[in-house]
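>>> sequence first, predicted coordinates after that:
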Amino acid sequence: MTANAQSAWDFDALTLDGAPAPLSAYKGKVALIVNTASQCGLTPQYKGLQELYERYKDRGFVVLGFPSNQFGAQEPGTNKEIATFCETSFGVTFPMFAKIDVNGDSAHPLYKWLKAERPGMLGLESIKWNFSKFLIGRDGQIAERYAPTTTPESVAADIEKLLA
């Protein structure tokens, strides 16, 4: 974990093309951080995520996608293959990052922080499946954590509150 991390904006990640990307670039925005997969029953959520992004991006909202292959090996592709799939299958234009682990010792520091700050059901810190979602306020703090089956459309009201 990044030492003394105070918010989601204190972390860095790599984009799908391998470029370093400080999340501080999103400071002042409302963000929905989602761990994604291309071969999951929930993969059609990409469509809803893209719709949310298009609907609210001009008001300071962004979706940040983090592919992970930790659940049923449902994201086996390379970062380049993931980028192609997201663009051609769902027209994804929101920021997507390089494939990461979200659980275990090798979990990305951002996900270690997210899970520690907002544990899931029964206080468990692990991510349960693809498309778990964290809604982040403009201050970089977690406003809400959603289950994988929570549809993107159903979080619109919470996004609206944070954008107000």
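Looks like it came in fine.

>>> got the residue ranges for the strands in this protein?
12-14, 20-22, 30-36, 61-67, 133-136, 142-146 (DSSP state E).

>>> how near is the nearest residue to L114 once chain neighbours are set aside to T84?
In space, and not counting its chain neighbours, L114 is closest to F134: 5.2 Å by Cβ to Cβ, 6 or more residues apart in numbering. C-beta: built from backbone N, CA, C; applies to glycine. Going from F134 to T84 by Cβ to Cβ, to the nearest Å gives 26 Å.

>>> low-confidence ranges, this protein, go.
Applying pLDDT under 70 to the chain picks out residues 1-3, 121-123.

>>> dump the residue contacts of L110.
A8, F11, A13, L23, I33, F66 (Cβ atoms under 8 Å, 6 or more residues apart in numbering).

>>> hmm, 7 Å instead?
With contacts defined as Cβ atoms under 7 Å, 6 or more residues apart in numbering, the neighbours of L110 are A8, F11, A13.

>>> coming back round to it: hmm, V30 and the residue nearest to L114 touching each other?
No. Using Cβ atoms under 7 Å, F134 is not in contact with V30; the gap is 11.5 Å.

>>> quick one on the thing from earlier: just the strands of the chain: most buried one?
Mean neighbour count, computed with mean count of other Cβ atoms under 10 Å, is highest for strand 30-36 among these, reaching a mean of 25.

>>> restricting to C-alpha, output it in CSV.
Extracted in CSV, the C-alpha atoms of strand 30-36 (Å, rounded to 0.1, in the frame of the first residue of the first chain):
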residue,chain,number,x,y,z
VAL,A,30,-16.6,11.7,-8.8
ALA,A,31,-15.4,8.2,-9.8
LEU,A,32,-16.8,4.7,-10.0
ILE,A,33,-13.9,2.2,-9.6
VAL,A,34,-14.7,-1.2,-11.0
ASN,A,35,-12.8,-4.5,-11.4
THR,A,36,-13.7,-5.9,-14.8
